[in-house]
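**Q** Structure here, sequence nowhere to be found:
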């Protein structure tokens, strides 16, 4: 029996304007997170389609239940990120073009790639999330806390639930495909596609938003490419979209290295995400949710939400 809960969250993005620069203290991370929001909408749409195809083929009822809960969690994530993106597009209508391009890139995967490949894609990418999101959640005081609490709380919820279902995609993949070497072989094409989509989103931000909104070149999301982009500017092959900054400046090199090692380890046959070291904040988040706190206002809600017991019962 799966341990996953399906939690329905609403973050109030319609209540007032959604800023692109939602963390003014870290414009580069703001751009990166916004790109992740666009990616999440498209990726999770693909997950739902893929799992709809996969579930009738699952003969193990335990794995079938895991697939159902996993799909329902991802559906909630997609819905919440759509509300975030809707708020951004309301303020900056040209961003709809960028979101449509991102969604099309995953729709093309569904149209052209086999179910086996898409299951491997999902398992490969999901396996990286615990080490990557641990890095972010362990440094939430710098990356999330200074920002708009709605946006920050959206990402905290999403990331801790990715930690919660860290094994789901691999369980489903193994239940249908059970070929760890195929998963490893396709990993380079998977991560190339992911990075291409994030670049697409960031270049869209540069194209459609003025520098006074972005404050930085949105390609700052790719900290390791900063030198290359600066060189391309100097030789006239890339426009100057503003300063190139590091979204993770100030984070310890030890933590960054641990995240990188975790990403590599996650793709090795025999890797079990269940054994990953988890972010402390994930445990705190689940405890607060169970206690009835309004986790949609993580940094500003100091008491349990009114009617929390009824709300919790309705959301499970």
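**A** Looks like it came in fine. Just so it is clear, the structure is predicted and the values come from calculations on it, not from any experiment. Numbering: from 1, shown residues only.
**Q** so what's the nearest residue to residue 273 once chain neighbours are set aside up against?
**A** Nearest non-adjacent residue to residue 273, counting by CB to CB, 6 or more residues apart in numbering: residue 166, 4.2 Å away. C-beta here means a position set from N, CA and C on the backbone, and glycine is covered the same way. Residues near residue 166 by CB atoms under 8 Å, 6 or more residues apart in numbering: 126-127, 129-130, 273-274, 276.
**Q** Could you give me the PyMOL syntax to select whichever of the residues you listed are buried?
**A** Only the buried members of those end up in this PyMOL selection, burial being decided by 16 or more other CB atoms under 10 Å:
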select buried, resi 126+127+129+130+273+276
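**Q** got a markdown table for the contacts of residue 166, with distance to residue 31, secondary structure and pLDDT too?
**A** Converted to a markdown table, the contacts of residue 166 look like this (distance: CB to CB, whole Å; DSSP: H, G, I helix; E, B strand; the rest coil; pLDDT from 0 to 100):
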| residue | distance to residue 31 | secondary structure | pLDDT |
| --- | --- | --- | --- |
| 126 | 23 | helix | 97 |
| 127 | 25 | helix | 96 |
| 129 | 20 | helix | 96 |
| 130 | 23 | helix | 96 |
| 273 | 28 | helix | 92 |
| 274 | 33 | helix | 90 |
| 276 | 27 | coil | 92 |
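**Q** of the contacts of residue 166, closest to residue 221?
**A** residue 129 (16.6 Å; CB to CB).
**Q** Could you look up the SS state of the residue nearest to residue 273?
**A** coil (DSSP: H, G, I helix; E, B strand; the rest coil).
**Q** Tell me the spacing between it and residue 277.
**A** Taking CB to CB, to the nearest Å as the measure, residue 166 falls 11 Å from residue 277.
**Q** What residues of the helix or strand containing residue 255 count as buried?
**A** Here residue 255, judged by DSSP states H and E, is contained in helix 253-265. Buried residues in helix 253-265, defined by neighbour count with 16+ other CB under 10 Å: 258-259, 262-263.
**Q** what's that helix in contact with?
**A** 128, 130-132, 134-135, 138-139, 248, 271, 276.
**Q** can you put these in TSV and add secondary structure and distance to residue 204?
**A** TSV is the format used below for the contacts of helix 253-265 (DSSP: H, G, I helix; E, B strand; the rest coil; distance: CB to CB, whole Å):
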residue	secondary structure	distance to residue 204
128	helix	23
130	helix	28
131	helix	28
132	helix	22
134	helix	29
135	helix	25
138	coil	30
139	coil	27
248	coil	22
271	coil	34
276	coil	33
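**Q** Between the residues you listed, identify the one with the most neighbours.
**A** Neighbour counts for the contacts of helix 253-265 peak at residue 130, which has 27 neighbours (criterion: other CB atoms under 10 Å).
**Q** Looking at the contacts of helix 253-265, spot the one nearest residue 282.
**A** residue 134 (8.3 Å).
**Q** so what's the backbone phi/psi at the residue lying closest to the closest one once chain neighbours are set aside?
**A** Distances taken as CB to CB, 6+ apart place residue 279 nearest to residue 134, at 4.4 Å, with adjacent residues excluded. Backbone torsions for residue 279, taken as degrees, to the nearest 10, come to phi -70, psi 140.
**Q** helices or strands up against the helix or strand harbouring residue 183?
**A** Assigned by DSSP H and E, residue 183 belongs to helix 180-208. If contacts are counted by 3 or more CB pairs under 8 Å, 6 or more residues apart in numbering; DSSP states H and E, helix 180-208 sits against helix 27-54, helix 95-112, helix 115-137.
**Q** Kindly reformat the ones you listed as TSV containing distance to residue 146.
**A** Listed next are the helices and strands packed on helix 180-208 as TSV, based on distance: least, CB to CB, whole Å:
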stretch	distance to residue 146
helix 27-54	10
helix 95-112	23
helix 115-137	14
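**Q** centre of the chain versus stretch 85-98, how much separation?
**A** The chain centre lies 18 Å from the centre of stretch 85-98; the measure is CA atoms, centre = their mean, to the nearest Å.
**Q** same thing with stretch 204-223?
**A** Put simply, stretch 204-223 sits 19 Å off its chain's centre (CA atoms, centre = their mean).
**Q** now do stretch 295-306
**A** The chain centre lies 22 Å from the centre of stretch 295-306; the measure is CA atoms, centre = their mean.
**Q** got it, and stretch 116-126?
**A** 15 Å.
**Q** Tell me which residues are up against it.
**A** 43, 46-47, 50, 54, 109-110, 113, 162, 165-166, 168-170, 172-173, 176-177, 182-183, 186-187, 190-191, 193-194, 266-267, 273.
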